[in-house]
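Asks: please work out how this folds:
(2 chains)
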Number of protein chains: 2
Amino acid sequence: MNTETDTAAEKAHAAPSEDAHFIVSVIAAAGDHDWPALRRQLSDLDPADIADVIEHVPLETARTIAKMIGRHLPTEFLAELSWERREEILPQLPPDYVGRALGELDTDDAAAVAADIDEKDLGRVLAAADEDTRLAVEEALSFDEETAGRLMQREYVAAPEGATVGDVIDRMRVEAAELPDVFFEIYVVDPMIRPVGAVHVSKLMREARDTLVADIMAPIKALIRREMDQEEVAHTFQKYHLASAPVVDEAGRLTGTMTVDDIIDVISEEGEEDLLKLAGVSEAAQTDSVFKSVRARAPWLAVNLGTAITASAVISQFQGSINQLVTLAILMPIVASMGGNAGTQTLAVAVRAIASRDLTESSAPRYVVREAMTAVSNGFIFALVLAAVVGFWFKDALLAMTIALAVLINFACAGLAGILVPLTLRRFGADPAVSSSVFVTFVTDCVGFLAFLGLATIILLH
Amino acid sequence: MNTETDTAAEKAHAAPSEDAHFIVSVIAAAGDHDWPALRRQLSDLDPADIADVIEHVPLETARTIAKMIGRHLPTEFLAELSWERREEILPQLPPDYVGRALGELDTDDAAAVAADIDEKDLGRVLAAADEDTRLAVEEALSFDEETAGRLMQREYVAAPEGATVGDVIDRMRVEAAELPDVFFEIYVVDPMIRPVGAVHVSKLMREARDTLVADIMAPIKALIRREMDQEEVAHTFQKYHLASAPVVDEAGRLTGTMTVDDIIDVISEEGEEDLLKLAGVSEAAQTDSVFKSVRARAPWLAVNLGTAITASAVISQFQGSINQLVTLAILMPIVASMGGNAGTQTLAVAVRAIASRDLTESSAPRYVVREAMTAVSNGFIFALVLAAVVGFWFKDALLAMTIALAVLINFACAGLAGILVPLTLRRFGADPAVSSSVFVTFVTDCVGFLAFLGLATIILLH
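Replies: Purely as a prediction, here's the structure:
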């Protein structure tokens, strides 16, 4: 066993941000305004680790780090920060450092950083950057957030159809400084600069120098338009297993590239977003204050209050029945709760299928049938189980039959609501994840109480 | 506007699987056993599109396609299928075709396909494959599913520290046939084949032929061990924005590489899994039958039945109180429902933070405090609102005060349960997403009923 390798192998694990002692010592050094210590602790770390540390310390410490030693940190750490934390520390960094950072970063990262700079500071920062950087950043910011035009990298390597492998390699050696840090493909373009094919660099390198790039190029699997939403871009990358793809303007001319590392963040963000939306949290970040968290969750709680009161209004119609048979009050939450869970299950499957483009207009009927049948099947199973439990508990066969029927009805409604609500929301252009669960639970609560108390009133009390 | 480019630009959108007419015609041709038509429809498509079509047709059609024209399809389509569908159609493909596929695919894809072949058929298929393929597949299958050893690509390019850029490029030209289709980096290794640095191919190509690779290599940001779980691999890739990383054995020797396109699938799968687990669905796939769906959802519904009955048992302790004041039965679901939602919100934030490694041992106390304060703050707000509504509805100030107190208590418990339950599950090595919501809802239901009915009995009925 070789210790050096062991350490390297463990390096991937023992990230500084997960080392509580290290974090405590950084917080202490910042508290003491001990900038030589801070600089010693941070400036030799990988930019991703520096960002990670700044992400994991209290806001006050992060601001102190930026203010005291920010100018000595490698500019790449800015690209690795979450936008929330970046927005918080950017005002503490000197404008000339930020201007230099914009120039050094790839254009996609530069645009992301620039988007978080306070509008009144942006002019000063861009003045400190060079002309090319300024133009690239301004162009990127002219596109909507979360579109390819904002996320794309403006540097790319293109070659005309007549170029040979040797031509391309020679040109890359000469223009090395202007190329992106890392790229995966070169694009073969027609005279109008429209991409007609791609050659992966690992392929380019294996070919003889006099081979025409046009002879070894692969067809472009997918073109990205600048206006395309990031979620759609991510879906395209995933489907075709792309490492990078060309981005084109309205006339189909090559204007940049998107690389898979930007897409990874998009995919994991979108997955998280769906999870949080379904749970009724409008947004959440690790650095959120209590105030922000309250604000992100209160709206959905308010809607839930409204639906819960409506469900109670349903119950209040059956006061007389409950007065006659208090058992109804004891059992009614079971019917609502079981239906709510069946509905949530269907909803989670539906939202996931919509996100992965499995559930489309054409497959919708099949999904609806399957979900309805699944819900009714589970409804049968649990109606029987619950009837047995209730029959045993209260020694009342009619009561057992009543609750079984109510559960079956509620499961059927739960299955239909779980799939139809997100489909309907999508049909009307709304996000199927965002308000589905409140609708679905509303349906299962109301139907649950209404079916059980209504059937009980008819079957047991007349 | 140029029509050729327009069509190419739209190609990314109008996937054949989303064209209902096309799908219908494929199903019809399969129904008629019209293999020339099937072959005409499918064999010129991109492998990703072929897979997509096979994914979107009924199982019967998919089997017919595999049986009739499978041998004429490009073998890459097997790598693009979901494992569920692949498992279903593999028995319909001739063993020699599958054997050839294993040889043609990159080793990571070959291992994934081999894992879905029925054990009794695998021998026959591997016999049809070449020796190298057989060894690579058998080695891959010796690792657990969802580990780097299973997912990694066994082909890689390595160069000794003394090699020059020219040496590496020349060797790649000679050995072109044995190299992976596409790769991102070459690894510089010491005499024990332990990776000491990496050179991105786009960098290699720009350098002069006599440059030493050791002079231009970048440090290895992270080593992947073969036993590492895919979720940890994905986290490492995301954190360091890696396009590929070396995989090493116990002695630190290079044994393969992992590339970012495999990680994309892992990340989107893990995000989906958390969403489904939180909703109580053990697994779900688009091709699942009703029977499978029922089986995937029934267990959690059974657990929920148990907790719902327990909550009802809590209510049954207060029969006397409900008999005296039926209003309690009307209002008690509001208290439980609001608490349940507050708990689910906290839980979603916690599960997401655990998945993204924001919520660690060291940051846990901060999270618990923030979540508890958020829950109590929202508790105050909605206690006041609900008191106003109930006071207005029932004209009873004491009742309004009672429900407000109960809501506040339930919110506090919801916040604590929402963060402590997943943390405790993780501490004991369990998946924090998988059974959290049943625990949390159990807590909020029981506490909700107990607090409201208990306080009402003390305050209103004595």
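Asks: how far away is the closest residue to chain B within the stretch 151-300 of chain A from B:G339?
Replies: Of all residues in the stretch 151-300 of chain A, A:G271 sits closest to chain B, at 2.4 Å by C-beta to the nearest C-beta. Placement of C-beta: from N, CA and C, glycine included. Using C-beta to C-beta, to the nearest Å, A:G271 is found at 27 Å from B:G339.
Asks: which one of these two is surrounded by more residues?
Replies: Ranked by neighbour count (other C-beta atoms under 10 Å in any protein chain shown), A:G271 and B:G339 place B:G339 first, with 34 against 23.
Asks: residue contacts, that one?
Replies: By C-beta atoms under 8 Å, 6 or more residues apart in numbering or on different chains, the contact list for B:G339 reads B:407, B:410-411, B:413-414, B:444-445, B:447-448.
Asks: quick one, domains of chain A?
Replies: The record's domain parsing of chain A by automatic domain parsing lists A:17-151, A:158-259, A:290-459.
Asks: winner for burial among those?
Replies: domain A:290-459 (a mean of 21; mean count of other C-beta atoms under 10 Å in any protein chain shown).
Asks: which helix or strand contains the nearest residue to A:A397 once chain neighbours are set aside?
Replies: Distance criterion C-beta to C-beta, 6 or more residues apart in numbering or on different chains; nearest residue to A:A397, sequence neighbours excluded, is A:G391 at 6.0 Å. A:G391 belongs to helix A:364-394 when assigned by DSSP states H and E.
Asks: show me what the next helix-or-strand element following that helix packs onto, helices and strands only.
Replies: Using DSSP H and E, the helix or strand that follows helix A:364-394 in sequence is helix A:397-427. Here helix A:397-427 touches helix A:327-355, helix A:364-394, helix A:436-459, going by 3 or more C-beta pairs under 8 Å, 6 or more residues apart in numbering or on different chains; DSSP states H and E.
Asks: dump the last one to CSV, restricted to CA.
Replies: This means helix A:436-459. Extracted as CSV, the C-alpha positions of helix A:436-459 are listed here (Å, rounded to 0.1, in the frame of the first residue of the first chain):
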residue,chain,number,x,y,z
SER,A,436,-50.8,19.6,-7.8
SER,A,437,-50.6,18.2,-4.4
VAL,A,438,-52.8,20.9,-2.8
PHE,A,439,-55.5,20.1,-5.4
VAL,A,440,-55.1,16.3,-5.0
THR,A,441,-55.3,16.4,-1.2
PHE,A,442,-58.2,18.7,-1.4
VAL,A,443,-60.1,16.2,-3.5
THR,A,444,-59.2,13.2,-1.3
ASP,A,445,-60.1,15.0,1.9
CYS,A,446,-63.4,16.2,0.7
VAL,A,447,-64.3,13.0,-1.1
GLY,A,448,-63.1,10.9,1.9
PHE,A,449,-65.3,12.8,4.4
LEU,A,450,-68.2,13.1,2.1
ALA,A,451,-68.2,9.5,1.0
PHE,A,452,-67.8,8.1,4.5
LEU,A,453,-70.1,10.4,6.4
GLY,A,454,-72.7,10.4,3.6
LEU,A,455,-72.8,6.6,3.2
ALA,A,456,-72.9,6.2,7.0
THR,A,457,-75.8,8.6,7.2
ILE,A,458,-77.7,6.6,4.5
ILE,A,459,-76.7,3.1,5.6
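Asks: how far off helix A:327-355 does it point, in degrees?
Replies: Angle between the axes of helix A:436-459 and helix A:327-355 is 150 degrees (criterion: axes from the mean of the first three to the mean of the last three C-alpha atoms, to 10 degrees).
Asks: how long is stretch A:248-266 from one end to the other?
Replies: By C-alpha to C-alpha, to the nearest Å, the extent of stretch A:248-266 from end to end equals 20 Å.
Asks: let me see the mean pLDDT of it.
Replies: Computed over stretch A:248-266, the mean pLDDT rounds to 87.
Asks: does it reach chain B?
Replies: Yes. Stretch A:248-266 lies within reach of chain B by C-beta under 8 Å from any C-beta of the partner chain, at A:248, A:251-252, A:259-261, A:263-265.
Asks: the host helix or strand of A:P36 - contacts with which helices or strands?
Replies: Using DSSP H and E, A:P36 sits in helix A:35-42. Other elements packing on helix A:35-42 under the criterion 3+ C-beta pairs under 8 Å, 6+ apart are helix A:20-31, helix A:59-69.
Asks: now the shortest one against helix A:35-42, angle please.
Replies: What separates the directions of helix A:59-69 and helix A:35-42 is an angle of 100 degrees, with the same axes, to 10 degrees.
Asks: which bits of the stretch 101-250 of chain A sit near chain B?
Replies: For the stretch 101-250 of chain A, the contact set with chain B under C-beta under 8 Å from any C-beta comprises A:169, A:172-173, A:176, A:179-180, A:182-184, A:192, A:194, A:200-208, A:220-225, A:236-243, A:248.
Asks: which is the next helix or strand following the helix or strand harbouring A:G149?
Replies: Here A:G149, judged by DSSP H and E, is contained in helix A:148-151. Once helix A:148-151 ends, the next helix or strand along the chain (criterion: DSSP H and E) is strand A:158-160.
Asks: quick check: mean pLDDT across the helix or strand following that next one?
Replies: Note on strand A:158-160: by DSSP H and E, the next helix or strand toward the C-terminus is helix A:165-174. Regarding helix A:165-174, the rounded mean pLDDT is 87.
Asks: need the next SSE after helix A:165-174, C-terminal direction.
Replies: Using DSSP H and E, the helix or strand that directly follows helix A:165-174 along the chain is strand A:185-189.
Asks: re earlier: and the helices and strands packed on helix A:397-427 as JSON lines, adding mean pLDDT?
Replies: Listed next are the helices and strands packed on helix A:397-427 as JSON lines, based on pLDDT from 0 to 100:
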{"stretch": "helix A:327-355", "mean pLDDT": "91"}
{"stretch": "helix A:364-394", "mean pLDDT": "93"}
{"stretch": "helix A:436-459", "mean pLDDT": "93"}
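Asks: tabulate those (a markdown table), appending distance to B:I334.
Replies: Listed next are the helices and strands packed on helix A:397-427 as a markdown table, based on distance: least, C-beta to C-beta, whole Å:
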| stretch | distance to B:I334 |
| --- | --- |
| helix A:327-355 | 11 |
| helix A:364-394 | 23 |
| helix A:436-459 | 10 |
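Asks: all helices of the stretch 1-150 of chain A, in order?
Replies: Taking DSSP state H, counting those that start in this stretch to define them, one finds helices in the stretch 1-150 of chain A at A:3-11, A:20-31, A:35-42, A:47-56, A:59-69, A:77-80, A:83-89, A:95-104, A:107-115, A:119-128, A:131-141, A:148-151.
Asks: can you redo those as CSV with mean pLDDT?
Replies: As requested, those are exported to CSV (pLDDT from 0 to 100):
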stretch, mean pLDDT
helix A:3-11, 41
helix A:20-31, 88
helix A:35-42, 90
helix A:47-56, 88
helix A:59-69, 91
helix A:77-80, 90
helix A:83-89, 89
helix A:95-104, 89
helix A:107-115, 87
helix A:119-128, 84
helix A:131-141, 87
helix A:148-151, 90
